[in-house]
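J.: Please work out how this folds:
(one chain, ligands or ions: 1)
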Amino acid sequence: MSARPVIAIDGPAASGKGTIARRVAAALGFAHLDTGTLYRVVGLAVLRKGGDPADAKLATSAVASLDLSLLEDPALRAHATSVAASKVAAITAVRDALLAFQRDFAAHPPGGQGAVLDGRDIGTVICPDATVKLFVTASPEVRARRRFLELSTNGTVMTEAEVLADIQARDARDSGRAVAPLKKAADAHLLDTSHLDIEAATAQALYIVRAALRT
Ligand code: CDP
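T.: Numbers count the residues shown, from 1 in each chain. Next up is the predicted model:
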């Protein structure tokens, strides 16, 4: 077991894992790292250069000169950036370059109390010895509805059917890739949020995490 508690939260797009991770971290006073943001920064950097995010050379050079000013860029959450992120995320050299940063955050969390990391491969690859692992999921239709509502508020014009098709394509890319595919770790707790609102989902996650931290 790690010296400081590490909570690994994985799951597909719009499952609620990001919000759950943020709230669990706040409730426990732990530091939180949204690892998807790292892939988004790399994807956005390639797009801004006019390149193809599936181009390993371009993506590898973007990760080598990581432009952290993009963390504040509103385009980070845009649809095109999600697609670009999942393309750069399939490139082994990109994942390798981001591995040490993520492990270091888990081992030395800012604030020193503990760490919550959310992503796709935290429980399987980044922190296989995490104190507690959650795999947060929901049906593709429920996730598409949530992402559609979220995108509508930031001005993105897409139909719900288009959002669903995108989520399915991204699920396939994330789960089907050779390197660090999205999958539930054998020892992760499954949290299906299809019929839970975010309050209920967070409450269940906190219940599981607190029980694990006591043992
Ligand atoms: O918020 P959403 O779940 O839509 O996306 P995200 O968590 O910001 O991740 C964007 C993309 O980055 C995902 O589709 C994955 O391809 C990739 N990713 C990954 O491969 N590994 C992680 N630990 C986190 C994200």
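
J.: ok, now how distant is Pro12 from the ligand?
T.: Pro12 sits 7 Å away from the ligand, going by Cβ to the nearest ligand atom, to the nearest Å. Placement of C-beta: from N, CA and C, glycine included.

J.: please begin residue numbering at 888 from this point
T.: Fine by me, first position is 888 from now on; the one you just mentioned is Pro899.

J.: out of everything not next to it in sequence, what's closest to that residue?
T.: Spatially, and ignoring its direct neighbours in sequence, Pro899 is nearest to Asp1058 (5.3 Å; Cβ to Cβ, 6 or more residues apart in numbering).

J.: how about the nearest residue to Lys936 once chain neighbours are set aside, what does it touch?
T.: Leaving aside its sequence neighbours, Lys936 sits nearest to Leu945 (Cβ to Cβ, 6+ apart; 6.9 Å). Leu945 makes contacts with Val933, Lys936, Gly938, Asp939, as judged by Cβ atoms under 8 Å, 6 or more residues apart in numbering.

J.: For the second one, the count of nearby residues, please.
T.: Applying other Cβ atoms under 10 Å, we find 11 residues neighbouring Lys936.

J.: so it makes contact with Ala949?
T.: Yes: counting by Cβ atoms under 8 Å, Ala949 is a contact partner of Lys936 at 7.4 Å.

J.: ok, for Ala967, nearest residue in space, not its chain neighbours?
T.: Leu934 (6.5 Å).

J.: The helix or strand containing the one you found near the ligand anywhere?
T.: Element membership for Leu934 (DSSP states H and E) is helix 923-935. Yes: using Cβ under 6 Å from any ligand atom, helix 923-935 reaches the ligand at Gly923, Tyr926, Arg927.

J.: now these as a markdown table including pLDDT?
T.: Output for the residues of helix 923-935 next to the ligand, formatted as a markdown table (pLDDT from 0 to 100):
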| residue | pLDDT |
| --- | --- |
| Gly923 | 97 |
| Tyr926 | 97 |
| Arg927 | 97 |
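
J.: May I ask which of these has the most neighbours?
T.: Result: Tyr926 is most packed of the residues of helix 923-935 next to the ligand (other Cβ under 10 Å), 27 neighbours.

J.: What count of nearby residues applies to Glu966?
T.: For residue 966 the amino acid is His, not Glu. What His966 shows, counting by other Cβ under 10 Å, is a neighbour count of 17.

J.: partners of the residue most central in space within the chain in the sheet?
T.: Residue closest to the average C-alpha location in the chain (Cα atoms, centre = their mean): Gly1006, at 2.7 Å. Using DSSP bridges, the bridge partners assigned to Gly1006 are Asp897.
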